[in-house]
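[1] Show me the folded form of this:
(one chain, ligands or ions: 1)
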Amino acid sequence: MSSLTNKRIVLGVSGSIAAYKAPDIVRRLQDLGAEVRVILTQGGAQFITELSLQATSKNKVHDNLWDKEAELSMGHIELAKWADALLIAPASANTIANLTAGKACDLLSSVVLASDCPVLIAPAMNQQMYASNGVQDNLATLVQRGIQVIDPAHGAQACGDIGEGRLAESTEIAKQVGSMFLSTKLSGKKVLITLGATIEAIDPVRYLSNHSSGKMGMALADACIEAGAQVTLIIGNISTSISEPSKQIYASSAKQMYQSVMENIKDQDIFIACAAVSDYSVKNPKNHKIKKSNQVLTIELTPTKDILKDVCQLPQKPICIGFAAETQNLLENAQNKLKNKGCDAIILNDVSSADLGFKSDENAVVFIDHKSSIKLAKNSKQKLGRKIIEIINKKFL
Ligand code: PMT
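    Down below sits the predicted model:
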């Protein structure tokens, strides 16, 4: 997994001669695995064409806060929510001043205000401008607010001056964006995650299962890997790709998943039960395909063992986080599961809507523990995964 795998980067390109390097920055971010969308300011458009940026990013370039079509769906808010990080490269003196003043005078400054993700800026301008008190004071203010500044390089400038103000190299810019995602918060911690659907055989060709794709579990695994954890995955039936580096164990039925979890739970610091495990298995699965007939067919089901509940009862239990997939009485059912299973927290998701929960790329959840609940609004499973891991880290580690 590269440092920007599955990361969505909004690249803001503002008015500096160095804007001609923006397509290369897009490429270097893509090399590290990122998907890139570009916002081109009016100033930036004096130095680089929308077409070059569209061709390299393979996405429509956004250049207008007043784009009627985009703003129908609140385009600037959508872009702000979409981004895992905002990178402004090159960042002109004017854009830096807009950010410092908290202005929403164009699409780029509005997206920065509307976003809660990390922001990085790579200033590029004439060396005298860069050294000026105005720019330096503004940069100091932005750093204080948590914006990361990628220092410009020293050397010959387009205007003929020599000094500090050249845009940092594209590879260096991409590297700094990548390293921002690498954290050591869970370093040394072991996390075991179940994901996907279990399959309960009726006969050799038919089975009982559910709609879980494994996407939510994989997003959590990615977030743990990013934070430096050692991740073990117990994988049911999934329709998503699996991240390296993780230990991967396949378990088809609820019984196999139970065994695999119990064999691997020792020494784990955190257990996240994201799999949609069948509550019932077929009592007497047939060895041969059941023949079609006109008779009513009754299949007897028997309850499966509850993996989460049993892990919670281990004498040296890890921090146990469950999920509650609900379609009615959401909060009440989730709170009952939190109590009955004995876990430290339960993550409630409403699976009655087609665009959330099962299979979808997005989800909306409530993180409930014994003291409080935190609502996490609809967002990509990747982003929610990171937020959930951040909450687990803050609350329990
Ligand atoms: O995989 P996706 O398509 O991305 O969809 C994600 C998801 C909707 C599957 C996921 O977010 C989710 O809600 N997973 C839990 C689904 C589920 O089985 O919920 P439940 O309310 O039936 O079970 C409660 C908890 O007990 C879950 O943590 C479950 O893993 C666990 N359980 C259930 C039964 C059982 N026999 N053993 C268990 O450990």
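
[2] quick one, what contacts R8?
    Applying CB atoms under 8 Å, 6 or more residues apart in numbering to R8 gives the contacts A34, E35, R37, W82, A83, D84, A85, S380, Q382. (Glycine included, C-beta is placed from N, CA and C.)

[3] State the helix or strand in which I321 lies.
    Secondary structure from DSSP states H and E places I321 in strand 319-326.

[4] circling back: restricted to strands, list the contacts of R8.
    Mapping these onto strands (DSSP state E) picks out E35, R37, A85, S380.

[5] The last one reaches D361, doesn't it?
    Yep, that's S380 we're talking about. Yes: using CB atoms under 8 Å, S380 makes contact with D361 at a distance of 6.0 Å.

[6] Look at these two and report which has more neighbours.
    The neighbour count for S380 versus D361, taken as other CB atoms under 10 Å, is higher for S380 (19 against 14).

[7] give the contact list for the more buried one.
    R8, W82, A219, D361, E362.

[8] Recalculate using a threshold of 10 Å.
    Counting by CB atoms under 10 Å, 6 or more residues apart in numbering, S380 makes contact with N6, R8, K81, W82, D84, K215, A219, S360, D361, E362, N363, R386.

[9] now the residue nearest to P118 when sequence neighbours are not counted: how far from A131?
    Distances taken as CB to CB, 6 or more residues apart in numbering put A85 closest to P118, at 4.9 Å, once the chain neighbours are dropped. Using CB to CB, to the nearest Å, A85 is found at 28 Å from A131.

[10] of these two, who's got more company?
    Between A85 and A131, counting by other CB under 10 Å, A85 is the more crowded of the two (22 against 13).

[11] What separation is there between the more buried one and the ligand?
    23 Å (CB to the nearest ligand atom, to the nearest Å).

[12] Tell me how this protein divides into domains.
    8-179, 190-396 (automatic domain parsing).

[13] For these, give me JSON lines that also has mean pLDDT.
    Shown next, in JSON lines, are the domains of the chain (pLDDT from 0 to 100):
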{"stretch": "domain 8-179", "mean pLDDT": "94"}
{"stretch": "domain 190-396", "mean pLDDT": "96"}
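
[14] Next up, the contacts around V231.
    186, 189-193, 220-225, 243, 245-248, 270, 272.

[15] Please pick the buried ones from the residues you listed.
    With burial judged by 16 or more other CB atoms under 10 Å, the buried subset of these is 186, 189-193, 220-225, 243, 246, 270, 272.

[16] Next, the buried residues of stretch 347-358.
    For stretch 347-358, using 16+ other CB under 10 Å, the buried residues are I347, L348, N349, D350, V351, L356, G357, F358.
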